[in-house]
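A.B. asks: Sequence isn't available, so here's the structure alone:
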């Protein structure tokens with residue numbers, strides 16, 4: 001009977017992991033609608049703070065950390081594979097690079113490690 005309980009526990013744990021996905025649950029989104037939350041990214045295991053379009057550079061860097069360098073396209077790269085473009089000290093664009101997989105995600109969980 002102990003083996004049966006163990007397998008049941010393992011199966012329940014796998015089901016919960018697959019159901020939850022990576023990171024915390026986000027609010028429900030309207031399908032076929034582009035919302036303000038769609039213009040944000042967060043670290044995969046967190047739901048706050050968000051790095052969003054039009055946020056001040058100071059707030060964005062508080063959430064991301066210090067810059068790793070500027071690239072030839074005019075964006076600022078940060079550890080974890082995120083590149084942010086600023087206009088007038090506000091976030092104008094966010095680029096999730098290859099290294100961001102599993103580190104950052106969109107509000108709809110794009111950028112989570114692939115699930116098989």
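C.D. replies: Yes, it's here. Note that this is a predicted model, so its numbers are computed, not measured.

A.B. asks: Low-confidence regions, the protein specifically.
C.D. replies: Applying pLDDT under 70 to the chain flags residues 1-29, 110-116.

A.B. asks: could you show me where the strands are in this protein, in order?
C.D. replies: Remark: strands assigned in the chain by DSSP state E are 40-43, 51-52, 67-70, 76-78, 82-87, 90-96, 104-106.

A.B. asks: Which one of these lies nearest to residue 31?
C.D. replies: Shortest distance between residue 31 and those, using CB to CB, is found for strand 104-106: 15.0 Å. Bear in mind the C-beta positions are built from the backbone N, C-alpha and C, glycine included.

A.B. asks: Give me the helices and strands touching the closest one, please.
C.D. replies: strand 40-43 (3 or more CB pairs under 8 Å, 6 or more residues apart in numbering; DSSP states H and E).

A.B. asks: List of residues touching the strand it packs on?
C.D. replies: 23, 48-53, 80, 82, 94, 96, 103-107, 111 (CB atoms under 8 Å, 6 or more residues apart in numbering).

A.B. asks: 6 Å instead?
C.D. replies: For strand 40-43, the external contacting residues (CB atoms under 6 Å, 6 or more residues apart in numbering) are 50, 51, 52, 94, 104, 106, 107.
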